[in-house]
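Visitor: below is the sequence, then the predicted model.
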Amino acid sequence: MTESENHSFTNRLIHEKSPYLLQHAQNPVDWYPWGDEAFEVAKAADKPIFLSIGYATCHWCHVMEHESFENAEIAQLMNEAFICIKVDREERPDIDHIYMRVCQMMTGQGGWPLTIMMTPDKAPFHAATYVPPAQRHGRMGMKQLVQRISNVWNNQRKKVLESAGQITDVLTQQQGEGDGSELEPGLLEAGYHELMNQYDKPFGGFGLQPKFPSPHRLFFLLRQGKAEGVAAAEHTLSAMRKGGVFDQVGFGFHRYSTDRRWLLPHFEKMLYDQALLAMAYTEAYELTGKPFYKQVTEEILEYVMRDMTVPDEPSRHSGGAFYSAEDADSEGEEGRFYIWTAEEMKSVLGDDYHFVSKHWNVKDSGNFRDEASGQQRPENIPYLSEWLSDEDAVRISESRKKLFAVREKRIHPLKDTKVLADWNGLMIAALAKAGRAFGTEHYIRAAERAATFIAAEMQSEDGRLQHRWREGHTAVPGQLEDYAFMIFGLLELYDSTLDFQYLEKALNYQTILDEHFADDAGGGYFMTADDAEALIVRPKELYDGAIPSGNSVQLYNLLKLARLTGNPKLEQKALKTGAAFCGVIERSPSSFAQALTALQFAVGETVEVVVVGGKEEARPMIEYLHSVYQPGRVMLHKDADHADQLAVIAPFTKEQQMIDGKPTVYICRNFACEKPVNTLEELKGRITAMRRNPRRS
């Protein structure tokens, strides 16, 4: 047993709340959390910084920890040469964003663990991702890296500082690439063709491997409405649900597929993937009416509500928010919790095994290829080759429950129990959207509980958000994504409930963004507030990666808020946000799918609906409106309790009243209002006519 294994070391991370930092609290590396202390010590000692960024459920972060950071010899070398800082990328996305961009600039690639060497003034001069303990396959090892960096720091300091300065200058120059032009509708066609060129026709998805779900790309294709694009989105949604990238036994999606066929996943489960995919499957259901998409959404949400929800703890807080992630590893091995030998399945299923093995492609020799070694192993990942008949689906479901009960007794992967405001905003949106589309009230109630949690536990008296909560403790001032994603979630929740408080809260968060995050000169929003910690640059981003960017979501939010309130200033902010990034979008429209979805909303048919009257009396008309797929629609509700407040937010509603004492619906299309209706039959006729004759704004 090594010194690190018997935990004879304890470093400063022991006082942190981040599960990722706590994983490293007993490394022999003398880790500091990010903060003034570390940088002051580095300056006093005249040492460079070794910055390591990762997250709790990252497989290769675990590998690097075990190989290097738990190795007493390597740790001693690091402690002598560096001041070592650990950062949880999910807790500090601003820091991660800056230094990941550095890594991509310097090496042409990125990923986690992220390894950065920088000056005590936070200026980077070397970047890498995973570093093995010793040189391997041409990749420099930690021992060699420490010696090399120490040598250049001590003997070539001028060169190091010049390099760091040049890198920082490039980062600063990359902050904005707009020329002030508006985003043109032609970008939609360009983005569509780029995505269709990337579409993998045999297996679904985009590109070859690894394959990420990229739900915002599917949203864009579904809303673009072209038959070929809709078919590509449907094919991808179907292929992912059949594949091993979906947890066939416990539900929920793994982070990505390492192969082209969606078979072998990287086994992490991230809250944001569940939220975005639930929204994509719900959108497909709304467009097509196919029950399959509803089923998959319900499976995703079953997993989230079962395994990822903060429980009530009367002594401290009420629950309802959502945890961040589950690890890929358990018992020191990636995927161990999820994979099965044929013998294990036979012992659980008995006579049903042959039926299940046929449909789930279970083989005695296994179908699992280890990602690290590339070797075939005698374990299986359940996945479907074809869809099942209703009768077979029932039989599979019963077998699934038996396997799930057995699997629950295994050692579970680590659950990252921090609550992030931004990811919770996405989950609130997913639950609200699904509840509205399916008429499922408990999804909407779950979204409301999460929104209540964020307001109660993660919001200060002045209305500003904290980014992270864990075990009753909050940390890190809210960043752009926290506000943008919460606004997005609250607008979906308002659409589902027509409860005025959610619209009001969304507008309050928008005010905070405009006061503290807006780039008044260049347009768009910075990632951090004007009173946040000063980093080497103040990041501003639009690129839609695994998660849509805050600016892309804000582009959509601003347009929707403008339609809901009739406030032209909000639309001008949206136009300025788009113009701030037009140059980079024009170069590769498909890389900005969420921004393109906002552009679809901007240039498509606009439909503003105001329902006047008591909510219960108007419920049949509200439910009908919710049942109709109209992505360009916004809806307000005016009742006696909030009429005056609504008139302040949306002045155009002031004169809208019930006709003949009955709930009345006012519809405006493309900035022209039509005659109000106050019967369900009239409303159905009006909406049917609109769908037959859509207009473009």
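Guide: Cool, got the structure.
Visitor: can you list the neighbours in contact with the helix or strand harbouring Arg223?
Guide: Secondary-structure element containing Arg223, defined by DSSP states H and E: helix 215-224. Surrounding helix 215-224, the residues in contact under the criterion CB atoms under 8 Å, 6 or more residues apart in numbering are 188, 191-192, 195, 206, 229-230, 232-233, 236-237, 273, 276-277, 279-280, 283-284, 287, 544, 548, 590, 593-594, 596-597, 600, 631. Every residue, glycine included, has its C-beta placed from N, CA and C.
Visitor: following that helix, which helix or strand shows up next?
Guide: Heading C-terminal from helix 215-224, the first helix or strand you meet, by DSSP H and E, is helix 227-242.
Visitor: give me the angle between that following helix and helix 215-224.
Guide: 140 degrees (axes from the mean of the first three to the mean of the last three CA atoms, to 10 degrees).
Visitor: tell me how far helix 227-242 lies from the chain's centre.
Guide: Centre-to-centre, helix 227-242 and its host chain are 20 Å apart (CA atoms, centre = their mean, to the nearest Å).
Visitor: ditto for stretch 205-215
Guide: Computed by CA atoms, centre = their mean, the separation of stretch 205-215 from the middle of its chain amounts to 15 Å.
Visitor: in it, what's buried?
Guide: Applying a neighbour-count criterion of 16 or more other CB atoms under 10 Å, the buried positions in stretch 205-215 are Gly205, Phe206, Pro210, Lys211, Phe212, Pro213, Ser214, Pro215.
Visitor: now do the end-to-end distance for stretch 54-61.
Guide: The straight-line separation of the ends of stretch 54-61 (CA to CA, to the nearest Å) is 6 Å.
Visitor: could you pull up the mean pLDDT of it?
Guide: Along stretch 54-61, the predicted confidence averages to a pLDDT of 91.
Visitor: Leu51 in helix, strand or coil?
Guide: strand (DSSP: H, G, I helix; E, B strand; the rest coil).
Visitor: mean pLDDT per helix and strand in the chain: which one sits at the bottom?
Guide: Least confident helix or strand of the chain, by mean pLDDT, DSSP states H and E, is strand 672-673 with a mean of 82.
Visitor: contacts for that strand, please.
Guide: For strand 672-673, with CB under 8 Å, 6+ apart as the criterion, the contacting residues are Tyr666, Ile667.
Visitor: low-confidence ranges, the stretch 151-300 of the chain, go.
Guide: 175-180 (pLDDT under 70).
Visitor: to clarify, my last question referred to the chain.
Guide: 1-7, 175-180, 315-317, 371-374, 694-697.
Visitor: let's go with 80 and repeat that
Guide: Within the chain, the set of residues satisfying pLDDT under 80 comprises 1-8, 136-139, 173-180, 313-318, 370-375, 670-671, 691-697.
Visitor: how much space between the residue nearest the centre of it and Ser549?
Guide: Centrality entry for the chain: nearest residue to the mean C-alpha point is Tyr272, 3.4 Å, by CA atoms, centre = their mean. Between Tyr272 and Ser549 the distance, using CB to CB, to the nearest Å, works out to 13 Å.
Visitor: next: Asp499.
Guide: Distance of Asp499 to Ser549, computed by CB to CB: 28 Å.
Visitor: out of these two, which sits in the more crowded spot?
Guide: Ser549 (26 against 16; other CB atoms under 10 Å).
Visitor: distance from the helix or strand where Met105 lies to the middle of the chain?
Guide: Here Met105, judged by DSSP H and E, is contained in helix 93-107. Offset of helix 93-107 from its chain centre (CA atoms, centre = their mean): 18 Å.
Visitor: start at 54, not 1
Guide: New numbering, starting at 54: the last item is helix 146-160.
Visitor: C-terminal to it, what's the next element?
Guide: Taking DSSP H and E, what comes next after helix 146-160 is strand 167-171.
Visitor: that next one: which residues count as buried?
Guide: Using 16+ other CB under 10 Å as the burial criterion, the residues of strand 167-171 that qualify are Leu167, Thr168, Ile169, Met170, Met171.
Visitor: tell me which of those residues is nearest to Ala693?
Guide: The closest of the buried residues of strand 167-171 to Ala693 turns out to be Leu167 (CB to CB; 55.4 Å).
Visitor: picking that back up, for the helix holding Met158, give me every contacting residue.
Guide: Contacts with helix 146-160, where a contact means CB under 8 Å, 6+ apart, come from 87, 104, 106, 140, 142, 162-163, 167, 169, 171, 177, 179-182, 220, 223-224, 227, 520, 532, 534, 580-581, 585, 588-590, 592, 594.
Visitor: show me which of these are buried.
Guide: Among the contacts of helix 146-160, those buried by neighbour count (16+ other CB under 10 Å) are 87, 104, 106, 140, 142, 163, 167, 169, 171, 177, 179-182, 220, 224, 520, 532, 534, 580-581, 585, 588-590, 592, 594.
Visitor: tell me the domain ranges of this protein?
Guide: According to automatic domain parsing, the chain is divided into the following domains: 65-226, 391-462, 660-745.
Visitor: out of the ones you listed, which comes closest to Ala474?
Guide: Taking CB to CB, domain 65-226 is the member of those nearest to Ala474, at 11.3 Å.
Visitor: now do the closest one: distance from first to last residue.
Guide: Separation of the first and last residues of domain 65-226 by CA to CA is 36 Å.
Visitor: surely Phe345 is in a helix?
Guide: Yes. Under three-state DSSP, Phe345 sits within a helix.
Visitor: rewinding a little: pairing partners for the least confident helix or strand of the chain, with directions?
Guide: Here the strand partners of strand 725-726, with direction, are listed using DSSP bridges: strand 717-722 (antiparallel).
Visitor: picking up where we left off before, for the domains of the chain, which one ends up most surrounded?
Guide: Mean neighbours per residue, mean count of other CB atoms under 10 Å, is largest over these for domain 65-226, with a mean of 19.
Visitor: and that domain, how far out from the chain's middle?
Guide: In terms of CA atoms, centre = their mean, the centre of domain 65-226 is found 25 Å from the chain centre.
Visitor: now do stretch 267-287
Guide: 19 Å.
Visitor: and it, end to end?
Guide: Between the opening and closing residues of stretch 267-287 lies a distance of 13 Å (CA to CA).
Visitor: same check on stretch 248-263?
Guide: Between the start and the finish of stretch 248-263 there is a gap of 16 Å, counting by CA to CA.
Visitor: quick one: the strands in the stretch 604-750 of the chain, in order.
Guide: 660-665, 686-691, 717-722, 725-726 (DSSP state E, counting those that start in this stretch).
Visitor: so which of those strands is nearest Ala485?
Guide: Using CB to CB and comparing the strands of the stretch 604-750 of the chain, the one that lies nearest Ala485 is strand 686-691, at 13.1 Å.
Visitor: who's in contact with that closest one?
Guide: The list of residues contacting strand 686-691 from outside it, by CB under 8 Å, 6+ apart, reads 548, 551, 553, 556, 613, 616-617, 660-666, 668, 671, 675, 678, 699, 703, 706, 709.
Visitor: what comes up buried for stretch 350-364?
Guide: Of the residues in stretch 350-364, those with enough neighbours to count as buried (16+ other CB under 10 Å) are Thr350, Glu351, Glu352, Ile353, Leu354, Tyr356, Val357, Met358, Asp360, Met361, Thr362, Val363.
Visitor: contact partners of it?
Guide: 300, 303-306, 322, 324, 327-328, 330-331, 334-335, 338, 372-376, 379, 468, 470, 472, 480, 483-484, 487, 491, 496, 499, 506.
Visitor: what about 6 Å?
Guide: With CB atoms under 6 Å, 6 or more residues apart in numbering as the contact definition, stretch 350-364 has outside contacts at Phe304, Gly305, Gln327, Ala331, Tyr334, Thr335, Gly372, Ala374, Phe375, Tyr376, Ala487.
Visitor: how about stretch 102-115?
Guide: Residues outside stretch 102-115 that contact it (CB under 6 Å, 6+ apart): 72-73, 95, 135-143, 149, 165-169, 171, 183, 321, 378, 380-382, 387, 469.
Visitor: please apply the same query to stretch 166-175.
Guide: Contacts made with stretch 166-175 from outside it, assessed by CB under 6 Å, 6+ apart, are listed as 92, 95-96, 101-102, 104-107, 114, 117, 152-153, 156, 177-181, 183-184, 202, 217, 589.
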